[in-house]
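*Asks:* give the three-dimensional model of this entry:
(chains A, B, C and D, ligands or ions: 4)
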Amino acid sequence: MVDKDYNLPSIKRQSALDGQIESGRFGNCKTEPGIFIEENHPLSIVQLETREPPQKDFLNVIQNLFNFDVPLAPNTSKASDKTRIIWTGPNRWLIVEPETRDLTSLIKSQIKETSFSIVDLSHARSSIGIDGFMTRDLLLKGAAIDFHPEVFLVDHCVQTTFFNLSALICCLDENRFNIFIARGFALDLWQKVQEAAEEFGYETL
Amino acid sequence: MIRIKCPYCGLRDHSEFNYIGDATKLRPINPELANDDEWFDYIYIRDNPRGVHQEYWQHISGCRSYVKVLRDTVTHEVLKTGLPSDDLLFSYEAEK
Amino acid sequence: MFSKKNKQQIRRLSSGGLIDRSKPIGFKFDGKPLMGYVGDTLASALLANNVKLVGRSFKYHRPRGIYTAGTEEPNALVALRTDARTEPNTRATNIELFDGLEAKSQNRWPNLFLDVMQINNLAGPLFTAGFYYKTFMGMPGWHFYEYFIRKAAGMGSTELERDPDTYDKKNAFCDILIIGGGPTGLSAALSAGRTGARVLIIDSSKLLGGQLIWELDQIDDKPALQWIESALKELNEMKNVTIARRTTAFGYYDSNVVNAIESVSDHLPTPEPHTVRQRLWQIRAQKVIIATGATERPLVFSNNDRPGIMLASAARRYANQFAVKPGNRAVIFANNDDGYKTAVNLAEKGIDVRAVVDSRTYVNEFWKTKLDELGVELILGSAVINTHGHFGLTGVDIASLSSDQKSTSSQSTFISADLLAISGGWSPNVHLYCHAGGRPQYEASIAAFVPGLRSQSEYPAGASNGAFSLIDCITEGTNCGIQLATELGFSKTIFSIPQTDEPSVTPIKALWRIPGKGKKFVDIQDDVTESDIKLAHQEGYISVEHLKRYTTLGMGTDQGKTSNMNGHAIMAEERGEAIETVGTTMFRPPYIPIAMGPLAGRDIGQSYSAKRKSAIHNWHHENGAIFIDAGQWLRPQYYLRNGEANTTQNMDLAITREVKGTRGNVGMVDVSTLGKIDIQGADSSEFLNRIYTNGWTKLAIGKARYGLMLREDGIVFDDGTTSRLSEHHYFMTTTTSNAASVLSHMEYCLQVHWPDLDVKISSITEQWAAMAIAGPKSRDVLQKTIDEEDLSDETLPFMGVKQISIDGIPALIFRISFSGELAYEVNVPADYGEYVWRRIMEKGTTDNIIPYGTEAMAIMRIEKGHVAGGELDGRTTPDDLGMNKLISSKKEFIGRRLLQRDGFLDPKRPKLVGLIPTDGKSRIRTGSILVKDPNASLPMPKLGHVSSGAYLSPTLKHPISLGLITGGSKRIGETVWATSPLHGEINEVKIVDPVFYDKQGERLNG
Amino acid sequence: MSKYSVLSLIKNAFSDNKNWERAWRDPEPKKYYDIIIIGAGGHGLASAFYLAKNHGIKNIAVLEKGYLGGGNTGRNTTIVRSNYMLDENALFYEKSLKLWEQLSHELNFNVMFSQRGVLNLANSDSQMDAITRRGNTMRLNGIDAELLDRRQVEKMIPYLDFSDTARFQIKGGLLQRRGGTARHDAVAWGFARGADQLGVDIIQNCEVTGFKTKGNNIEIVETSRGPIGCGKVGFAVAGSTGHLASKLGMKLPIESHVLQAFVSEPLKPVIDHVVTFGAGHFYISQSDKGGLVFGGDIDMYNSYAQKGNLPLIEDVVTAGLAMIPGLSRLRIVRHWGGIMDMSMDGSPIIGKSPIDNLYLNCGWCYGGFKATPGSGWVFAHTIANDAPHELNAGLNFDRFRVGRSVDENGGGPIPNRH
Ligand SMILES: Cc1cc2nc3c(=O)[nH]c(=O)nc-3n(C[C@H](O)[C@H](O)[C@H](O)COP(=O)(O)OP(=O)(O)OC[C@H]3O[C@@H](n4cnc5c(N)ncnc54)[C@H](O)[C@@H]3O)c2cc1C
Ligand SMILES: NC(=O)c1ccc[n+]([C@@H]2O[C@H](COP(=O)([O-])OP(=O)(O)OC[C@H]3O[C@@H](n4cnc5c(N)ncnc54)[C@H](O)[C@@H]3O)[C@@H](O)[C@H]2O)c1
Ligand SMILES: Cc1cc2nc3c(=O)[nH]c(=O)nc-3n(C[C@H](O)[C@H](O)[C@H](O)COP(=O)(O)O)c2cc1C
Ligand SMILES: [Zn+2]
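*Replies:* Residues are numbered from 1 along each chain as shown, chains lettered A, B, ... in the order given. Ligands and ions are numbered 1, 2, ... in the order given. I've put the predicted structure just below:
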């Protein structure tokens, strides 16, 4: 498959957290910070939804485009170096990658299935990355999900309430998680994560 | 906290859901033909049982599905969950 | 903090105990500096300093001392800490001593020793249970008496200052939760832990071991402390076991969820930096072992409340754990073996134990021999019938009991004593079991209520299950741990039960009250006496629940932990019925009083509710916007210019400026908060047809339409414009406040009512930054911004939609208007929102573009007679709002069928009109009531009300309002009165058409 | 039966309080009563009291499955007010408030009706508009109401959060000075004693388990203590209405939901009024015993469990701290729940039912305590005359069908939106 480069606007995207993040170490940082926080930006985020059950053709198109299967099991995701596809509901997924191309048009141009929708949510979601050996403890402060490393494995993801906000939490690596949140709440969430991380010591990148 | 099993997402706190209410209330299939009593019944009247209640919850912070839940209104125990098309009461009685 | 000079702790034993004599701590009680040691509680340190009087009782203001050594303490409540950190009603027995601790006694005036309210004690017979129901009804009225009653009641005081500390919450998951780390809990943790199950064990105290910490039991011939130590060592090494100390489970809720409070910093003078004071835990376990132990009960006899009287187990705990002599000369009074244990422990610590008084007539040889060895007198078949002393106990009277325990010998013996240790038996802590839904059963062999059937996955074990011997506790704990782990699929491992050195037990003989005159306290905190219970019975308050409410038995901070059983049993005796028939009152959470701070966690102050900000927020902020809350959103209400102070006058100026600027030239408002919903799929048009009242099938691609949604009951739900982007693709907008409910409503329709429709919807509110640019020059400005596109009427007519790009940024333009002017709504991906906004502002400078806020927007919509929140109040029908033309007669839609009901057709229904003051200048407030004759007598007939008022219409130069009035537009031309009695205003208003401005809509074309 | 007074207190004190009489009898149920009221809560007892007192009916029983006053009457936050907007509610609740003002005298039982003032805060302009409309309507209905601005609220109640850190600023409030609180248990006890003195049989531990009907009439009320014949039957069982109605195959526009309440440790007087929060669900007052009594919203799901859950408690307390930050270190000693009969428009249903000799008194939602005397008054009238009193004519069962809901806040036919 050829990656066709679409024209992205040359104007720089301004994230919800632009100008709001002070980098440095904070809180109880006597030793190594327990938490690292950063914003992931700019991303392309596209939501795909199709019929029940999803048609073979449809799944194949996606697979061919990204070179891996669409995750069909709830609460899971699959990823390549660049792209992650996350289950977000029955026959619904988010496709996320760093913004380099017009993902929506690319996918739309390939799909033959008629019962489907594709919605660009690149600007609708903000994404915060959390890492560090206290990450799972931090997550437990905000979400009623069992984040035990033997239960919540790499590539698992959940949509849940996180510090009273609806969020999508995705495990990328042992202690590395991405959190997606509606853009308008991004700053609020950022502040909540900072407060909760204070006792562990944190570094914003 | 009531723990509700979303048929998709699994066991979750009820605070992830919006309570919708009685799931036995069916909107008249042919709205034109239904008489006033049927409409009145659909919109206002409730069985309001003391015991097993079939109800909807929307998994609002999760997959956004409407989940049918069979729950005991006295103990709050969740007996069964399923999709809107499932008749949980029937299968619950049958299993009993 | 205080001088560490050796203040005498005259009651401190020279050796033993779990205190660190190398770490003295200074503290203050009622301003007096005292010393204690690390390991002390405030109570033990007070006793060490021979402070016996610590408070006054609730009703009679009797001098009171330390009664227990644990959470059940009813008496020794102090105000802990000072200023904003003051914690009234804190149990001295639960406070770990810290450096600089300050505590004050409560409920006394002017001071603890000289308390004027003692007078209540003398008037005792007047202040019987419920006396206030029988009087204070006459002049000058209850309000007058209440003032004094309220002042006299209450215990601690608070100034309601802002708390300087912070709080936190956390969730926890495990296979098996064990509540309580006594011998039962530890055994369970060991046996379950060894199987590999995920175990969480929590305990209220800093030290695990429960009662074993302060008992002198031997396990496998070694002191119990060693057993605890090795158990903890093993548990600490297990990766699957977590131990949480200073963490108290306070409630057992549905779905097997247990909540606990962790006291993170309560043992410190102030929390460490970056650390919270307390943390709320929400624990979801598959199985829960309740190993919370049991609580000792006092005995009910005359004057059983004096300082110096305490529970037998507490007396021995003070001696054993804290190396404190709870008294110099002790008498022990019990109806079970606990008294012997205490007597022996105290005697061995060098306390002069004068006698053990046992109401039973038999004791086994083991204890008899022990007492003989120690030279302690044993008085069987007898009871303490009265006590002496005022600020402290000086002695007790002892008499022998008849065999039915209903009378005592007329002869009594006085024994001088400053400590009376009492035990009336033990009550298992069934609280959490009951929260879970269980009902306790009476078990006569231990004279206590024990858990009955299980209602969730809770497993009471050990003393909390009525097993009182150490070996039984260990055995139950171990078995329970194994059993539950295997039930969860973990495999059994080898375990063995250790041995203990307990003597055999002589069964308790229930003794609920001891005959005699004088006040016999049952609930020592709320001053409920035995005669109160008798009175309640006599007056018919015989259900335990009536008893409780009439006498306040068990309603204090301790919730009757030490008193309920005695009180209920006395009622049973009065009623002549069995204890199980009479039953207990309802156990309710929290198990211990819990501060409100951790329940709110971090969601305080500004964090009370999340703040939602549009992508253009920063620009507004930099440009003088005053923000208003719209749900969680922050929206610019109006913009102040450089240096303008935020006064009412300047606000009016700003709003006028914004309306005039927009109607005169061009203005721009941030409408990003409107709900936006993407609709795709082959049945999209059909779907819209069903949820909107008007028709959608004929809407052309590239066109927008205003739509009205109803609730099923026919009441107006929401309105907004929806645009057709392509054959099967629509872009819907909703009002800001209904965005979430409209989406859920549509999802409900699709998933529940019409799953066969091929429609997919998603919220795209956050994807798009939206700005409405309005005014005669709006086209010019927009044209300048997007020069390559043509915005003429031909390419973008009214209600037209166009996809364009602005500097390469894809944008959706809708030609729709809320203000009534030529206007466009520009939507761009949110991350470009601020850029595009700035760009338009820049391009518009020469046209005098002005940003406007919600206030100007509201005025312009009132000028145009558009309805909004004030009119869509959940009670109006389309007809009420003059929207009947939007009701299609050709199709079915939600809400249609109920529109034809009587009440909806009633000509009396108020309907939308415009209102202007007849004097052309008076403000007609929103919320004014419309009446025909403002002088009519009350209750006055009402015609309707003012739903939205603009007290200035810069366009029309006089106030205008919208209102709903009986008769509606038929009344146009009439005058009525708008009254606001709250403001003392009555204004004549003229009823006019609700569209005040440009009725023909000519301005829509610029 | 002896009268309560200071004198009687003193007299009895001298005789060691041995001579106090029973407040009510504990009679065995008779075979037949002219009127059976089911439910010995405030409403049932008041209805019986006024049936006997105002209508001279003597052969009345009140049947109670547990102990009298143990339902919502015994577990509510005791707020009494008449600050309603819609005439159907306003005039009825005002009648009730007037009865409250005389109640202790009328019953010779101090129900501790404390007119300490009820203040509803407004935290936004639209809430200010809403309370303005409500307050104005009250005044035109002859009910006392005052609108306070932010400064006046601050002067009256300085411990509210007036700082910049408040998420939602207080804009003002609607004050009804005649509103206040009462001692909930005493209300049940006072009415019970009063009714008992007038000959009403109050039969506790007597659960109604079913009915025998003949034609469109109830003939026999089946109870855990045997069948009892009846002339007329009145339901006053609050949260249990749906369940009891199902025994007659009758379905109602009601759902049962749990509402929780809380009490703090006892404190010296700090909160002198009843205050309700506009930006969240929270209301608070201080009981005469010293406990801060507060509550919030229902738990949202249908429930017959008289107990609640923690998430709602967290919400209530969070709203509480938003309104009064100084509550943070104070401690809750107990929380409990009651089963609410939530109607489909948030207003009560008092009147005739589809069954000829059955009368309904239900749908009280969060607000029926304040209705107690008024409800008893009009319900007695309705039963005695087989026709509603003018004050409850609009609160009938049929209003939903015909599109005449009495919907104070426009929540629509969804019980948890009122
Ligand atoms: C937490 C809470 C806070 C509240 N706060 C307020 C407030 O501040 N102000 C206010 O005005 N209102 C408030 N309310 C509402 C108010 O308490 C009730 O509306 C009112 O008390 C109802 O009184 P009642 O007599 O109708 O019902 P109840 O007092 O509930 O009496 C009904 C009785 O019927 C009995 N019963 C049920 N089924 C049967 C049967 N089958 N056979 C025999 N007997 C039966 C029950 O045991 C019960 O005793 C609150 C309610 C709760 C739960
Ligand atoms: N002398 C007697 O008659 C008598 C009677 C009863 C018990 N006992 C003795 O007491 C011991 C009982 O052992 P056990 O382990 O069953 O109980 P325990 O009292 O030894 O331990 C209970 C533990 O649970 C903790 N706890 C209680 N409630 C809690 C809560 N809500 N949250 C968190 N922690 C909580 C306590 O802090 C304590 O550490 C045995 O040694 C037994 O012999 C003696
Ligand atoms: C206004 C009011 C004040 C109360 N004050 C107290 C109190 O001070 N102490 C207490 O333990 N319970 C108090 N309660 C709660 C009762 O103990 C009890 O929980 C409530 O009446 C519900 O009954 P239940 O818990 O037996 O189901 C109060 C209840 C109300 C309604
Ligand atoms: Zn789900």
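*Asks:* do you know the pLDDT at residue 14?
*Replies:* The chain I'm using is chain A. Looking at A:Gln14, its pLDDT stands at 97.
*Asks:* try again with chain D
*Replies:* pLDDT for D:Phe14: 87.
*Asks:* need the contact list for the closest residue to C:Phe27 other than its chain neighbours.
*Replies:* Nearest non-adjacent residue to C:Phe27, counting by Cβ to Cβ, 6 or more residues apart in numbering or on different chains: C:Leu101, 3.9 Å away. Any C-beta I mention is one placed from the backbone N, CA and C, and that applies to glycine too. Going by Cβ atoms under 8 Å, 6 or more residues apart in numbering or on different chains, C:Leu101 touches C:25, C:27-28, C:42, C:80-81, C:95, C:269.
*Asks:* against C:Asn738, how distant is C:Leu881?
*Replies:* Between C:Leu881 and C:Asn738 the distance, using Cβ to Cβ, to the nearest Å, works out to 15 Å.
*Asks:* and the nearest residue to C:Glu161 once chain neighbours are set aside, what does it touch?
*Replies:* Of all residues not flanking C:Glu161 in the chain, C:Ala84 sits nearest, at 4.0 Å (Cβ to Cβ, 6+ apart). By Cβ under 8 Å, 6+ apart, the residues touching C:Ala84 are C:161-164.
*Asks:* among those residues, which one lies nearest to A:Arg84?
*Replies:* When the contacts of C:Ala84 are ranked by distance to A:Arg84 (Cβ to Cβ), C:Asp163 comes first, at 42.6 Å.
*Asks:* find the nearest non-adjacent residue to the closest one, please.
*Replies:* Distance criterion Cβ to Cβ, 6+ apart; nearest residue to C:Asp163, sequence neighbours excluded, is D:Ser328 at 3.6 Å.
*Asks:* model confidence score at that neighbour, please.
*Replies:* 98.
*Asks:* where do the strands sit along chain A?
*Replies:* Secondary structure of chain A (DSSP state E): strands at A:24-26, A:35-40, A:43-50, A:77-79, A:84-89, A:92-98, A:116-120, A:125-131, A:157-162, A:165-173, A:176-182, A:202-204.
*Asks:* and stretch D:381-392 with chain C, contact?
*Replies:* No. Using Cβ under 8 Å from any Cβ of the partner chain, stretch D:381-392 never reaches chain C; the gap is at least 11.5 Å.
*Asks:* start and end of that stretch, how far apart?
*Replies:* End-to-end distance of stretch D:381-392: 10 Å, with Cα to Cα, to the nearest Å as the criterion.
*Asks:* I'd like the mean pLDDT over that stretch, please.
*Replies:* 98.
*Asks:* does that stretch reach ligand 1?
*Replies:* No. Stretch D:381-392 stays clear of ligand 1 (Cβ under 6 Å from any ligand atom), getting no nearer than 14.0 Å.
*Asks:* buried stuff in that stretch?
*Replies:* Judged by neighbour count (16 or more other Cβ atoms under 10 Å in any protein chain shown), stretch D:381-392 contains these buried residues: D:381-384, D:388-389, D:391-392.
*Asks:* check stretch C:872-883 too.
*Replies:* Within stretch C:872-883, the residues scored as buried using 16+ other Cβ under 10 Å are C:872-873, C:875-883.
*Asks:* touching stretch D:274-281 from outside, list them.
*Replies:* Contacts of stretch D:274-281 (Cβ under 8 Å, 6+ apart): C:608-609, D:79, D:81, D:116-124, D:127, D:157, D:160, D:167-168, D:170, D:173, D:179-181, D:282-285, D:296-297, D:315-316, D:318-320, D:322-323.
*Asks:* okay, helices next: where are they in chain B?
*Replies:* Per DSSP state H, chain B carries helices over the ranges B:36-44, B:88-95.
*Asks:* for ligand 2, which of those is the nearest?
*Replies:* Closest to ligand 2 of the helices of chain B is helix B:88-95 (Cβ to the nearest ligand atom; 34.9 Å).
*Asks:* now for the closest one, which elements pack on it?
*Replies:* strand B:52-58, strand B:66-72, strand B:78-82 (3 or more Cβ pairs under 8 Å, 6 or more residues apart in numbering or on different chains; DSSP states H and E).
*Asks:* near chain C at all, the second one?
*Replies:* Think strand B:66-72. Yes. Counting by Cβ under 8 Å from any Cβ, contacts between strand B:66-72 and chain C involve B:Tyr66.
*Asks:* so what strands line up beside that strand?
*Replies:* When pairing is defined by DSSP bridges, strand B:66-72 lines up against strand B:52-58 (antiparallel), strand B:78-82 (antiparallel).
*Asks:* and the residue in chain A sticking out farthest from the centre, how close does it get to ligand 1?
*Replies:* No residue in chain A has its C-alpha farther from the mean C-alpha position than A:Lys30, which lies at 30.6 Å (Cα atoms, centre = their mean). Distance of A:Lys30 to ligand 1, given as Cβ to the nearest ligand atom, to the nearest Å: 47 Å.
*Asks:* which regions of the chain sit below the pLDDT cut-off?
*Replies:* Just so you know, I chose chain A. Along chain A, the parts satisfying pLDDT under 70 run over A:1-6.
*Asks:* think we crossed wires, I meant chain D
*Replies:* D:1.
*Asks:* apply 80 and report the result again.
*Replies:* Scanning chain D for pLDDT under 80 picks out D:1-2.
*Asks:* can you check chain C too?
*Replies:* For chain C, the stretches with pLDDT under 80 are C:1-7, C:109-110, C:114-126, C:139, C:492, C:494, C:787-789.
*Asks:* now C:Pro190: how far from C:Ala467?
*Replies:* Small correction: residue C:190 is Leu, not Pro. Distance, C:Leu190 to C:Ala467, using Cβ to Cβ: 17 Å.
*Asks:* which of these two has more residues huddled nearby?
*Replies:* Higher neighbour count among C:Leu190 and C:Ala467: C:Leu190, with 25 against 22, using other Cβ atoms under 10 Å in any protein chain shown.
*Asks:* one step back: ligand 3: which of the helices and strands packed on helix B:88-95 is closest?
*Replies:* Distance to ligand 3, taken as Cβ to the nearest ligand atom, is lowest for strand B:66-72 among the helices and strands packed on helix B:88-95, at 19.0 Å.
*Asks:* now that closest one: mean pLDDT?
*Replies:* Strand B:66-72 comes out with an average pLDDT of 98.
*Asks:* assign a three-state SS to D:Met128, would you?
*Replies:* Here D:Met128 is recorded as helix under DSSP: H, G, I helix; E, B strand; the rest coil.
*Asks:* wait, it sits on D:Leu121?
*Replies:* No. Contact between D:Met128 and D:Leu121 fails when scored by Cβ atoms under 8 Å: they sit 10.1 Å apart.
*Asks:* now do the shared contacts for these two.
*Replies:* Counting by Cβ under 8 Å, 6+ apart, the contacts common to D:Met128 and D:Leu121 are D:Gly172.
*Asks:* chain neighbours aside, what residue packs nearest to the residue of chain B found nearest ligand 2?
*Replies:* Going by Cβ to the nearest ligand atom, ligand 2 is nearest to B:Met1 of chain B, at 17.8 Å. Among residues not flanking B:Met1 along the chain, C:Val257 sits closest, at 4.4 Å (Cβ to Cβ, 6+ apart).
*Asks:* for C:Arg108, see how far away that neighbour is.
*Replies:* The gap separating C:Val257 from C:Arg108 is 41 Å, by Cβ to Cβ.
*Asks:* circling back: list the contacts for the residue nearest to C:Asp163?
*Replies:* Contact analysis of D:Ser328 by Cβ under 8 Å, 6+ apart lists C:162-163, C:165, C:167, C:595-597, C:600, C:604, D:321.
*Asks:* and it, its phi and psi?
*Replies:* phi -50, psi -40 (degrees, to the nearest 10).
*Asks:* ok, back up a step: in JSON lines, list the strands paired with strand B:66-72 along with mean neighbour count and mean pLDDT.
*Replies:* JSON lines is the format used below for the strands paired with strand B:66-72 (neighbours: other Cβ atoms under 10 Å in any protein chain shown; pLDDT from 0 to 100):
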{"stretch": "strand B:52-58", "mean neighbour count": "22", "mean pLDDT": "98"}
{"stretch": "strand B:78-82", "mean neighbour count": "18", "mean pLDDT": "98"}
